[in-house]
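> starting from these lines, generate the structure:
(chains A and B)
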Amino acid sequence: MLNYTMRRLLFTIPTLLFISLIIFLLLDLAPNDPTGDLPLTIPPEVREKIRISLGLGEPIWVRYLLWCNQFFINEPLNMLGHMFNTCIGDCENRLRVSSWSTRSPVGDLIAERMPQTLWVVGMSYVIGILIAIPIGVYSAYRQYSWFDQAGTFVSMVGFSVPTFFTGVLMIVIFSVHLGWFPSKYDTLHVVTDWDSFVFQVRQSIMPVSVLALFNASQISRFMRASMLDNLNQDYVRTARAKGMTEQVVVLVHVLRNSLIPVVTVIALGVPQVFGGAIITEQVFSINGLGALLILGIQGADIPLVQTLTFIFAVLIVMFNLIADVLYGILDPRIRYD
Amino acid sequence: MTDAAAEKSTNRSQWADVWDQFKTHRGAVIGMAFFVFICLAVLLGPYLWTLDSNFIDIRSKNQGPSFAHPLGTDQLGRDTFSSVLQGGRVSLAVGVVAMALALFLGALVGVVAGYFRKLDGPLMRLTDLFLALPILPLLLVIIMLFRDTLRGLFGPETGIFILIVFVIGITSWMHTARIVRGDVLALKEQEFVLAARSIGTPSRRMILRHILPNVMSPIMVSATLGIANAIITESALSFLGLGFPSDFPTWGRLLFDSTNFMTLNPERVIWPGLAISLTVLSVNYMGDGLRDALDPRIRGR
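Numbering: from 1, shown residues only, chains lettered A, B, ... in the order given. All right, here's what the predicted structure looks like:
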């Protein structure tokens, strides 16, 4: 198992390098001009100087290696130094990936936006899982009952209706008509006392529940299918024949075995949730990573877009690895060696 | 059983069995009926409801539903009903064409990887690589970068249509490729393939005659899921403001435009969103039914 994990871990390095190269080339070879947004009155020679000051004068492979150096070496060193409040090496003059539009390091921008995204996305994922597992278990246990039919229908709807429509619909119903919750998410809000905490909960309810519904509908389908696979196994009959109570059979024996594939599905879903949050953040104007990406795209801020897209790719690769390793650890039948 | 009935039952084709099984799935039948209804509505609707979706009647702006405008009007007095019909044409066209492109790529990669052992490794590594790409951010980036060039080449509407269809198609073929490859690998071990090979069938005819017809079922299930996926992706892109321009409405674009008038005219948000959701729901139900119908283990029962 350790051998397998090490091999997979080593294989992620070329994968990530290749993906970063694709993203870099895509952004670089695209037929558009990073100075295109600047006023037309700027004379061509000044425009050329601006391009050089942005580092566009160098050949493409030099820029790629520089970006790699900044992203893979300088940024982690800075992060470590920041964590322990020390300075590793020449931290004052170390080049960081910096945004073209704000001129500040991309790492700082991302660190600023991270908590909002993590709060909304993380919470919605946890709530989604907590809703999905009991529903999946019960609808598999009572297959074809009215609860199962209703649950299957609701999860089909939750899976099919896009989050940008559920979000907008919720705003229309709960903000415009009923006026219960604010339609915009205030990121500057700080929780200091009970009232501000209540406000924080109120403004989080809609975005969290939109994403939670979407996640729950996907996970509950997997949970139900996995439970159904296990309920007909021989060991379940044996457990019942031994005289175990139904509760122990279902909630201990079957549930634990059915959770194995579901756990990997949950791990695989994390990066998708971050991707999906781009849309939800746009609906509720949450000032998170997705909003930062859209801002960068609209402002043609190439280093920012590059770094963010690559971070999403890192998330996907990491969680794929985690899912595969977890599957091997949880299920001894599927050991890869 | 009479002779005629016995003869009839032996002459039944595989597709008749599939259709019989498909009919027993109530959700799938309703989904298919609804999908056909939506297709007919957006194809024939603009001929029956002749109001132009770009006709501006500023005096009747932001109206609620009325006899003249069944779904109301927008901020410029354009009729929402004809916009939804017109937008549906584009959304469905994007869905179908992007799905076709993704299926073609997926089936090609899957069959080639499964059939030719030498290409299996490289093609599957390529598939893994594409699966590791962050699709939505990358789609946004590609559209932002190539939008103006393609608009200049093919005109504003065709250019963006080609771009969106192309990027959705090229980023959603991987699951089809994996499933098809698995099926081809299993098929290759069967005796009829050996028999065909023993009489000297060349690879090209082998694939077209013997392999492809046998992997049609996973391809068809992927097709339904592909349409749903493409429609949702297109709407999401339009919703983020990086899709079609607003005088060329699609369902996502209409939804995006109407969110600005949510307090003034909240009903307007509902129609395009409902159209997207119901279409995707019906397609997904169809896919569910098709998967059951094409699965011989379930069909026997």
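
> buried set for the host helix or strand of residue A:147?
Using DSSP states H and E, residue A:147 sits in helix A:146-160. Residues of helix A:146-160 classed as buried by neighbour count (16 or more other CB atoms under 10 Å in any protein chain shown): A:148, A:151-152, A:155-160. No exception for glycine: its C-beta is placed from N, CA and C like everyone else's.

> name the next helix or strand following that helix along the chain.
Criterion used, DSSP H and E; the element after helix A:146-160 is helix A:163-170.

> okay, the angle between that next one and helix A:146-160?
Here helix A:163-170 runs at an angle of 110 degrees relative to helix A:146-160 (axes from the mean of the first three to the mean of the last three CA atoms, to 10 degrees).

> helices or strands up against helix A:163-170?
Judged by 3 or more CB pairs under 8 Å, 6 or more residues apart in numbering or on different chains; DSSP states H and E, helix A:163-170 is in contact with helix A:194-231, helix A:255-283, helix B:216-239, helix B:251-259, helix B:267-294.

> which of those is buried the deepest?
Neighbour counts (mean count of other CB atoms under 10 Å in any protein chain shown) averaged over each of the helices and strands packed on helix A:163-170 peak at helix B:251-259, with a mean of 26.

> what helices or strands is that one leaning on?
Using 3+ CB pairs under 8 Å, 6+ apart, helix B:251-259 is in contact with helix A:163-170, helix B:80-115, helix B:216-239, helix B:267-294.

> what angle separates it from helix A:163-170?
Going by the same axes, to 10 degrees, helix B:251-259 makes 30 degrees with helix A:163-170.

> average model confidence for helix B:251-259?
In this model, helix B:251-259 has a mean pLDDT of 84.

> go on, stretch B:267-286?
87.

> likewise for stretch A:323-337?
Per-residue scores along stretch A:323-337 average to 77.

> any stretches of the stretch 51-200 of chain B with poor pLDDT?
Scanning the stretch 51-200 of chain B for pLDDT under 70 picks out B:53, B:57-58, B:60-64, B:67-71, B:75-77.

> measure the residue most central in space within chain A to residue B:194 for me?
Nearest to the mean C-alpha position of chain A, by CA atoms, centre = their mean, lies residue A:274 at 2.2 Å. Residue A:274 is 48 Å from residue B:194, where distance means CB to CB, to the nearest Å.

> does residue B:161 count as helix, strand or coil?
Look at residue B:161: counting by DSSP: H, G, I helix; E, B strand; the rest coil, its state is helix.

> find the nearest non-adjacent residue to it, please.
Distance criterion CB to CB, 6 or more residues apart in numbering or on different chains; nearest residue to residue B:161, sequence neighbours excluded, is residue B:94 at 7.0 Å.

> so the one you found sits against residue B:231, correct?
Yes. Judged on CB atoms under 8 Å, residue B:94 makes contact with residue B:231 at a distance of 7.1 Å.

> residue A:67 - how many residues pack around it?
Residue A:67 has 19 neighbouring residues, counting by other CB atoms under 10 Å in any protein chain shown.

> now swap in residue B:13 and tell me
By other CB under 10 Å, neighbour count at residue B:13 equals 8.

> residues in contact with it?
For residue B:13, no residue meets the contact criterion (CB atoms under 8 Å, 6 or more residues apart in numbering or on different chains).

> with residue A:226 instead?
A:136, A:140, A:258-262.

> which pair in those residues spans the largest distance?
Maximum pairwise distance among the contacts of residue A:226 (CB to CB): 14.8 Å, between A:140 and A:260.

> list the buried residues in stretch B:184-193.
B:184, B:187-188, B:193.

> narrow these to those in strands?
With DSSP state E as the criterion, strands contain none of the buried residues of stretch B:184-193.

> out of those residues, who's nearest chain A?
Chain A lies nearest to residue B:184 out of the buried residues of stretch B:184-193, by CB to the nearest CB, at 23.6 Å.
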